[in-house]
Structure formats: structure tokens, C-alpha cells
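Q: Take this sequence and fold it.
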Amino acid sequence: MSSHYDDIALNEDILLDLPFLEGTGIITQDVAKPHHPITLVGAPTWTALASGLMTLNFDGTTQYAQCLNANCADLGFTTEDYTILGVVNWTVDDTDQIIIARYELSVGGWELYLTYYGGFHTMTLRHHHAAGASLRTGAYSRNWTPDTTWVFGVSRIGTSAQFYRNGEPVTTISDSLIDPEATDQDLVIGVRYSKNNNFLKNMLYRPRVIGAALTAAQHKTAYELIKEWL
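A: Numbering: from 1, shown residues only. Coordinates of the predicted model:
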């Protein structure tokens with residue numbers, strides 16, 4: 001008996017799901033129920049893996065994807081728990097590299113990015129605040145070796161976060177996340193909110209955003225469902 005999209009437990013609270021099925025063009029379809037319109041900017045390269053899965057390769061200079069603010073209000077998390085999933089293979093550059101975000105620096109919103117800092121390759125979830133004790137709070141994990149394909153996941157759970165790599169929990173270092181304030185910025189993939197820096201360099205596959213914190217078992221399931229195709 002086949003399973004329908006909504007029958008899969010991982011999809012129960014899913015808000016964004018980009019499986020990159022098109023393989024060509026400047027539009028990629030969100031198959032989650034909100035069906036956010038996502039536009040590719042600068043012509044990132046459609047690239048097939050040996051399994052046939054289509055990925056997007058970003059040049060680290062001009063290429064990214066976006067969903068305009070008017071179409072992504074449901075991704076403007078403040079008090080809610082949420083989860084971000086995907087597959088990434090990044091190449092170190094001179095700046096931080098945004099995976100996916102909806103934020104404005106030190107004003108509001110959230111961002112997930114990769115960087116090389118203090119001798120470690122790190123993935124960071126950061127919240128932005130317009131006032132209060134801190135303008136930015138975050139949590140991060142280490143050892144995201146570049147030029148390696150990683151299945152990543154991170155769940156925000158109240159004031160903390162938990163990162164997962166290839167379905168397994170990894171040590172998460174946290175500054176104690178404060179609820180991000182609201183933002184009217186666009187959702188961006190592979191670039192900072194101003195769309196002129198922090199470009200992702202290399203491959204991204206199936207970014208997903210879920211409006212709930214997945215359990216460790218669910219993160220493991222997400223990895224098991226995808227690993228054989230990578």
C-alpha cells in the first residue's frame with residue numbers, strides 16, 4: 001500500500017519542502033501545503049547525483065533563491081518551536097554562508113548558516129532581536145567538514161536547539177536562544193537578507209522547514225529515508 005505525502009509523520013507540520021524535482025528553470029516548487037512560490041536568482045546550476053536526484057549548486061558569488069515576504073508569513077517564527085532539514089555540501093569561502101533564513105540583522109527573524117571560525121567548521125542557528133539584553137542569540141555545532149555531503153537537521157526547542165548530522169545528535173553549544181522578533185524580510189536560501197553577501201558555495205538538496213521540534217527518532221528517520229539516494 002502506497003503512502004500519501006500527508007500520511008508520512010515527518011510531514012505532519014511541514015511548512016516548506018523543496019525537493020528540486022524540476023531540474024531546469026528559475027522556479028522550484030514547494031510541495032508542502034503552503035506551496036510557497038520560490039524563485040531562483042542568478043541561475044544556480046541544476047545538477048543530478050548518480051542516483052538521479054536533482055540538486056542545486058550555488059557559485060558563492062551571485063546565486064540564491066527567495067520567497068517574497070508577502071508569501072512567507074508562516075515562516076516568521078517567534079515563540080514557536082521549529083525544525084530545519086536538508087542536505088548540504090559546502091566549500092569554505094571568506095565569509096559566513098547562509099543556508100536558509102528569514103531575518104534582518106539585529107532586528108528580527110532567524111537564520112541558519114555555515115562558517116569557519118576559531119579553527120572549527122560550524123553550523124549556527126541564530127535569532128535576531130530589536131532590543132533587550134542581546135541583539136543576537138544563537139546555538140551552534142562543530143565539525144561540519146567542507147566538501148563533504150551532510151544530511152543536517154536542527155530543532156529549536158524553547159530556549160535551546162539540538163543539531164543532528166546524518167541522523168545522529170551532535171554536541172550543541174548554546175547561548176540560550178531568545179524568541180526572535182518579527183521581521184518583514186523575504187525568505188532567502190543561499191544568501192544574507194540583503195541579498196549581496198554570505199552566498200552559499202556548492203550543493204544544496206531538499207531544504208525543509210517544519211513548524212514543530214522533531215524528536216531524535218524523527219531526525220533519524222529523515223536521514224534513513226534519504227541516505228541511499230545521496
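Q: Just checking: what are the partner strands of the lowest-mean-pLDDT helix or strand in the chain?
A: Here the helix or strand of the chain ranked lowest by mean pLDDT, DSSP states H and E is strand 173-174, holding a mean of 93. Sheet pairing of strand 173-174 (DSSP bridges) gives strand 136-141 (antiparallel).
Q: Pick out the residue closest to the middle of this structure.
A: I100 (4.0 Å; C-alpha atoms, centre = their mean).
Q: and it, backbone torsions?
A: Dihedral pair for I100: phi -150, psi 140, per degrees, to the nearest 10.
Q: got the contact list for it?
A: I84, G86, E111, L112, L187, V188, I189, G190, P207, V209 (C-beta atoms under 8 Å, 6 or more residues apart in numbering). All C-beta spots, glycine's among them, are computed from the backbone N, C-alpha and C.
Q: I'd like to know which of these is nearest to P37.
A: P37 lies nearest to L187 out of these, by C-beta to C-beta, at 10.4 Å.
Q: give me the number of residues near that closest one?
A: 23 (other C-beta atoms under 10 Å).
Q: same deal with I189?
A: With other C-beta under 10 Å as criterion, I189 counts 26.
Q: what's the answer for S155, then?
A: So S155, with other C-beta under 10 Å, has 25 neighbours.
Q: which other helices and strands contact whichever strand or helix holds it?
A: Counting by DSSP states H and E, the element that carries S155 is strand 150-157. Contacts defined by 3 or more C-beta pairs under 8 Å, 6 or more residues apart in numbering; DSSP states H and E place strand 150-157 against strand 82-90, strand 120-128, strand 160-165, helix 216-226.
Q: Can you report how many residues lie near D94?
A: 6.
Q: Give me the distance between it and N197.
A: 10 Å (C-beta to C-beta, to the nearest Å).
Q: residue ranges with poor pLDDT in the protein?
A: Flagging of the chain using pLDDT under 70 yields the residue ranges 1-4, 7.
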